[in-house]
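S.K.: no letters, just coordinates:
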Ligand code: 9YT
């Protein structure tokens, strides 16, 4: 059995940051569960383009508000606590938030832990740093 707290992974390989978000990865591939499990905070005033071409991902919002745009289907969805979206078709998408978001994310196949800085399929918008915060 694995029992883990956020404080246990602070400052470890499982505590990762990118320009628009920070992700604390509570379960990784090495844990042998078949998925990875992340507590991710999307920073306020950001717009993030993502394309997980090698993974499926389920994302459950627990804090904040935002908007998800499915670029593959051409649809937009409001995101708020209690909303889940599942990328079951490798959809290219954009996540926008003014308030910031806290999301629980599950990836299959599981991440190893160090994908953030060279993560294949994740391409933040080039001008996202110019947005107001
Ligand atoms: C919602 C989302 O996909 N955010 C990007 C971070 C990702 N969840 C990760 O690598 O932890």
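M.R.: Looks like it came in fine. Predicted model only: the values in this text are computed from it and were never measured. Residues are numbered from 1 along each chain as shown.
S.K.: and the helix or strand harbouring residue 7, what does it pack onto?
M.R.: Element membership of residue 7, judged by DSSP states H and E, is helix 6-9. Packing partners of helix 6-9 (3 or more Cβ pairs under 8 Å, 6 or more residues apart in numbering; DSSP states H and E): strand 21-27. All C-beta spots, glycine's among them, are computed from the backbone N, C-alpha and C.
S.K.: do the strand it packs on and the ligand meet at all?
M.R.: Yes - among the residues of strand 21-27, 21, 23 lie within reach of the ligand under Cβ under 6 Å from any ligand atom.
S.K.: mind listing the strands that strand pairs with, and their directions?
M.R.: strand 15-17 (antiparallel), strand 36-42 (antiparallel) (DSSP bridges).
S.K.: deepest of these, which one?
M.R.: strand 36-42 (a mean of 20; mean count of other Cβ atoms under 10 Å).
S.K.: what does that strand rub up against?
M.R.: The contact list for strand 36-42, computed with Cβ atoms under 8 Å, 6 or more residues apart in numbering, reads 6, 20-29, 48, 64, 66, 95, 97, 100-107, 110-111.
S.K.: mean confidence for the helix holding residue 7?
M.R.: For helix 6-9, the mean pLDDT works out to 92.
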